[in-house]
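Trainee: This is the structure alone, sequence omitted:
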């Protein structure tokens, strides 16, 4: 890492003594056990002890000597609360007796799988160790059904040991990466096996939801200062909390999907990137399609089926068009097709279920609409969704996150493909192509089950 690690705007503000005191996901911090709480920087990195408990507040350090750590409880006006639980994962220790398990961090999707601190040599049940007792105590509040319980629930601040390079040398110890604040989504009792001795032992495993802030990808540590202040009640201590945490406190478990941190993949496209550039021939084609099918959207299904065939064949697939389903009661399926995977002499058929949606090009398809196709897919089948509009970001994220086998064809691809089809088959006469879909619509409807396409 270069000197930019200590030149960010928030660091400059910190040196001047201004607030807020932000820490961002993936920030690398210098963790030295004996470091003071006054110095902002150590060896060119932000000082962990200054960040978590600046000396001005007179409070003890938040240590990371164990995997599971917590400062003393606070007795506020509305009850006793644990300000936080600090989790430190050490990947370089995985597989050793002191850490025989391997924690899983998927920060792009806001998920961490973390194992408690029960070891093969620990006597007793999970909960016999201090760390596991802290997690079990926190889990009861995180699973709380009332707002007051969740107000008292301690945020889990996640860190993992990281290797940094100084003077051409790899420094394995003494630095941690901040991985966010998390909610305990699920806790389960598990049996693990020590890789060295083969001995099995009980432990607990937690699924953690890393929360995302709307304005910053991290947290303001003044939130933690407030939670450690006995003069403030838990309600007041929310004033610097991430908006995602505030929403979870208010709504409970149902809020977790909406507050979980997600990093949009490059394959998630903005609406403007799914539509033709205004004023281009493709934009004219898309406008013509919407106008033509606006009063007869059922016929758009035949065009969508043909476009899906073109797009899939363009990728090299051997695609065979099937039929259109009934115009009512289709259950989220408008057309059926088949892809033959493999060579001509050794292949297997894959059923393709298609959905067509003729909407205003400025409109978008919601996750719920895409889910109708997904719900009809069986193991090994794939879906195709064709629309004159765009797919919302959330619809795309759910397809990517859940790895649903659905091909999304939005207005831009639709227009480009239709223009190419008109040129290849109708001498560039778009009207002739569209009229053919009206003429052929009734004959393309078949009352058959999708799996019957395999025997065609």
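Mentor: Right, received. Where do you want to start? In this text, all values refer to a predicted model and were calculated from it rather than measured experimentally.
Trainee: Residue 134 sits in which helix or strand?
Mentor: Take DSSP states H and E as the rule and residue 134 turns out to sit in helix 130-142.
Trainee: That helix: what's the following helix or strand?
Mentor: Sequence order places helix 147-152 as the next helix or strand after helix 130-142, per DSSP H and E.
Trainee: follow-up on the earlier one: contacts for the helix holding residue 134 next, please.
Mentor: Contacts of helix 130-142 with the rest of the structure, by C-beta atoms under 8 Å, 6 or more residues apart in numbering, involve 66-70, 82, 85, 116-118, 126-127, 149-150, 152-154, 156, 183-185, 187, 203-204, 206. Bear in mind the C-beta positions are built from the backbone N, C-alpha and C, glycine included.
Trainee: just stretch 231-245 next, same as before
Mentor: Contacts to stretch 231-245, defined as C-beta under 8 Å, 6+ apart, come from residues 20, 76-79, 81, 151-152, 155, 181, 183, 211-215, 219-220, 222-223, 225-227, 229, 246, 249, 259.
Trainee: Buried residues in the helix holding residue 134, which are they?
Mentor: 131-139, 141-142 (16 or more other C-beta atoms under 10 Å).
Trainee: Show only the entries of the contacts of stretch 231-245 found in helices.
Mentor: By the criterion of DSSP state H, membership of these in helices covers 151-152, 222-223, 225-227, 246, 249, 259.
Trainee: what about burial for those, which qualify?
Mentor: Burial by neighbour count, 16+ other C-beta under 10 Å: within the ones in helices among the contacts of stretch 231-245 this picks out 151-152, 222-223, 225-227, 249, 259.
Trainee: quick one: which of the residues you listed is nearest to residue 387?
Mentor: Proximity of those to residue 387, judged by C-beta to C-beta, is greatest for residue 259, which lies at 28.9 Å.
Trainee: how much space is there between that closest one and residue 209?
Mentor: Relative to residue 209, residue 259 is positioned 7 Å away (C-beta to C-beta, to the nearest Å).
Trainee: circling back to that earlier point, pLDDT and distance to residue 382 for the ones in helices among the contacts of stretch 231-245 - can I get that in CSV?
Mentor: Conversion of the ones in helices among the contacts of stretch 231-245 to CSV gives the following (pLDDT from 0 to 100; distance: C-beta to C-beta, whole Å):
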residue, pLDDT, distance to residue 382
151, 97, 46
152, 97, 47
222, 95, 49
223, 97, 45
225, 94, 52
226, 95, 50
227, 96, 48
246, 97, 40
249, 98, 41
259, 93, 31
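Trainee: Mind putting those into JSON lines with distance to residue 50?
Mentor: Written out in JSON lines, the entries for the ones in helices among the contacts of stretch 231-245 read as follows (distance: C-beta to C-beta, whole Å):
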{"residue": "151", "distance to residue 50": "28"}
{"residue": "152", "distance to residue 50": "27"}
{"residue": "222", "distance to residue 50": "13"}
{"residue": "223", "distance to residue 50": "16"}
{"residue": "225", "distance to residue 50": "12"}
{"residue": "226", "distance to residue 50": "17"}
{"residue": "227", "distance to residue 50": "18"}
{"residue": "246", "distance to residue 50": "26"}
{"residue": "249", "distance to residue 50": "28"}
{"residue": "259", "distance to residue 50": "28"}
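Trainee: Spatially, which two of these are the most separated?
Mentor: 225 and 259 (22.1 Å).
Trainee: Using TSV, lay out the buried ones among the ones in helices among the contacts of stretch 231-245 together with distance to residue 319.
Mentor: Formatted as TSV, the entries for those read as follows, by distance: C-beta to C-beta, whole Å:
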residue	distance to residue 319
151	56
152	58
222	58
223	54
225	61
226	60
227	58
249	50
259	41
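Trainee: Tell me the helices and strands packed up against the longest strand seen in the chain.
Mentor: Ranked by residue count under DSSP state E, the longest strand found in the chain is strand 175-193. Using 3 or more C-beta pairs under 8 Å, 6 or more residues apart in numbering; DSSP states H and E as the contact definition, the elements that strand 175-193 packs against are strand 28-30, strand 111-115, helix 130-142, strand 156-161, strand 200-210, strand 218-220, helix 243-251, helix 256-259.
Trainee: State the distance from residue 259 to residue 312.
Mentor: Shown here: residue 259 relative to residue 312, a distance of 37 Å by C-beta to C-beta.
Trainee: for residue 79, same thing?
Mentor: Between residue 79 and residue 312 the distance is 60 Å, computed by C-beta to C-beta.
Trainee: Between the two, tell me which one has more neighbours.
Mentor: In this comparison of residue 79 against residue 312, neighbours counted by other C-beta atoms under 10 Å, the higher total goes to residue 312 at 19 against 12.
Trainee: That one belongs to a helix, doesn't it?
Mentor: Yes: Residue 312 forms part of a helix when assessed by DSSP: H, G, I helix; E, B strand; the rest coil.
Trainee: Mind telling me what element the nearest residue to it once chain neighbours are set aside is part of?
Mentor: If the residues on either side of it in the chain are set aside, residue 312 comes closest to residue 319, at 4.4 Å by C-beta to C-beta, 6 or more residues apart in numbering. Secondary-structure assignment from DSSP H and E places residue 319 in strand 318-324.
Trainee: Check residue 398 too.
Mentor: Residue 398 is located in helix 393-401, with elements delineated by DSSP H and E.
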